[in-house]
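> The amino acid sequence is not available; the structure is as follows:
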């Protein structure tokens, strides 16, 4: 059994952050999303992982090199965004005749992969599903007994509320299926079309339904939502503080995760705040926010909420002109309010 993680997407809806860092390296719980995908696979004994990236995403290779010795990583390239099924063609030689777990590199799931693997036994594939309210926004599966009888990508009139949430286990039959599909209306080779071809040819596809949280971290809002539920799952109402971090005259309302070498002074932090290493927050109030590495926040009188601060950002001197303030600030940016002539 092998693992495949797809990371080649551009992440345009995650700008400005994805302009400097591949979206799969953006952090949840102070670790890249890709870290969580790799660890999910390690938990079930997968030691060979193929990662599909864009040729320009060298940062992913640099990051994953830290796993040397723990797992064997091979890279395949998808230069054009032609869909999940097209990305899978790039890994065919890596997978060979093995079965494999497929994850999307910007997806977070709390469900252990063991349930998906167990559901796969005796079938040609299995898909992780979840009940949703807005079914027309997802790929949808219809089920009967222990099998999926139909899958459809974002149907106008869904026949089920069971969404396909981006985690699969498949055998090599999927590569034959991909050879028989054509691009969809949006110009992509859809994984749902390939799986539907398998179903129509009599291949058995099973499923596992999760009731645990999951998120496609594909937008800024979903990133903030994922930060909230992952902190809750990981810490409950607790606070976790890294090494060499200084706390002075602070109120910390968990869940809060603070990295190493940080300074928090005269501040109210939390709930639902993640702060990466080397950050400094003074004379401010922050809740439901993400601070990337080396964030500097000082003298902000309004409550900061649902905000994301990129790496090496500086925000200072914001007066109390409104009860709440909301920031989405890309890497290496600075916002300051200068009130005295000699400060210009």
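Received it, and whenever you're ready, just let me know what you need. Computed from a predicted model, the values in this text were never measured in an experiment. Residues are numbered from 1 along each chain as shown.

> contacts and neighbour counts: CA atoms only from here.
Fine.

> pLDDT weak spots in the protein?
Low-confidence segments of the chain (pLDDT under 70): 338-344.

> Which parts of it are helices?
33-43, 58-64, 84-89, 92-95, 113-120, 173-178, 191-200, 220-235 (DSSP state H).

> and stretch 190-207, how far out from the chain's middle?
26 Å (Cα atoms, centre = their mean, to the nearest Å).

> Other residues contacting that stretch?
83-86, 116, 119-120, 123-129, 139, 146-153, 173-174, 177-178, 180-181, 183-184 (Cα atoms under 8 Å, 6 or more residues apart in numbering).

> Please spell out which residues along that stretch are buried.
Buried residues in stretch 190-207, counted by 16 or more other Cα atoms under 10 Å: 190-199, 204-207.

> any idea which of those is the one closest to residue 231?
Checking the buried residues of stretch 190-207 against residue 231 with Cα to Cα, the nearest one is residue 207 at 27.9 Å.

> Against residue 24, how distant is the closest one?
To residue 24, residue 207 is 26 Å away according to Cα to Cα, to the nearest Å.

> Same question for residue 301.
On the measure of Cα to Cα, residue 301 and residue 24 end up 33 Å apart.

> More neighbours: the two, which one.
In terms of neighbours (other Cα atoms under 10 Å), residue 24 is the more surrounded of residue 301 and residue 24; the figures are 26 against 19.

> Against residue 197, how distant is that one?
Applying Cα to Cα to residue 24 and residue 197 gives a distance of 30 Å.

> which residues does the closest residue to residue 48 other than its chain neighbours contact?
By the measure of Cα to Cα, 6 or more residues apart in numbering, the closest residue to residue 48 outside its immediate chain neighbours is residue 72, 4.8 Å from it. Contacts for residue 72 (Cα under 8 Å, 6+ apart) come out as 47-49.

> Ranking by neighbours, what's the top pick from these?
The most crowded member of the contacts of residue 72, judged by other Cα under 10 Å, is residue 49 (24 neighbours).

> can I assume it is in contact with residue 76?
No: when contacts are counted by Cα atoms under 8 Å, residue 49 is not listed as touching residue 76 (10.7 Å).

> show me the contacts for the residue most central in space within the chain.
Geometric centre of the chain, nearest residue: residue 106, 3.4 Å, by Cα atoms, centre = their mean. Contact analysis of residue 106 by Cα under 8 Å, 6+ apart lists 7, 23-24, 33-34, 216-218.

> at 6 Å instead, please
24, 217 (Cα atoms under 6 Å, 6 or more residues apart in numbering).

> Please apply the same query to residue 304.
Residue 304 touches 285-286, 324-326, counting by Cα under 6 Å, 6+ apart.

> Now the buried members of those.
Buried by 16+ other Cα under 10 Å: 285-286, 325, out of the contacts of residue 304.

> what's the first-to-last distance across stretch 134-141?
End to end - Cα to Cα - stretch 134-141 spans 14 Å.

> Which residues does it contact?
150-156, 161-164.

> Could you check stretch 304-320 and say which residues are buried?
The neighbour-count check on stretch 304-320 (16+ other Cα under 10 Å) flags 304-318 as buried.

> just how off-centre is it within its chain?
Using Cα atoms, centre = their mean, the offset of stretch 304-320 from its chain centre is 23 Å.

> tell me how far the ends of it are from each other?
11 Å.

> Kindly report the same for stretch 109-116.
12 Å.

> likewise stretch 258-267?
First residue to last in stretch 258-267 (Cα to Cα) measures 13 Å.

> buried sites along it?
Those would be 258-267, for stretch 258-267 by 16+ other Cα under 10 Å.

> In strands only, show me the residues you listed.
Using DSSP state E, the subset of the buried residues of stretch 258-267 located in strands is 258, 263-267.

> out of those residues, what pair is the most spread apart?
Longest span within these, Cα to Cα: 258 and 266, 15.5 Å.

> Just the terminal-to-terminal distance for stretch 58-72.
Distance between the two ends of stretch 58-72: 17 Å, counting by Cα to Cα.

> mind listing what's buried in that stretch?
Buried, per 16+ other Cα under 10 Å, within stretch 58-72: 60, 71.

> picking up where we left off before, can you lay out the buried residues of stretch 258-267 as JSON lines showing distance to residue 294?
Converted to JSON lines, those look like this (distance: Cα to Cα, whole Å):
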{"residue": "258", "distance to residue 294": "12"}
{"residue": "259", "distance to residue 294": "10"}
{"residue": "260", "distance to residue 294": "10"}
{"residue": "261", "distance to residue 294": "10"}
{"residue": "262", "distance to residue 294": "8"}
{"residue": "263", "distance to residue 294": "10"}
{"residue": "264", "distance to residue 294": "12"}
{"residue": "265", "distance to residue 294": "15"}
{"residue": "266", "distance to residue 294": "18"}
{"residue": "267", "distance to residue 294": "17"}
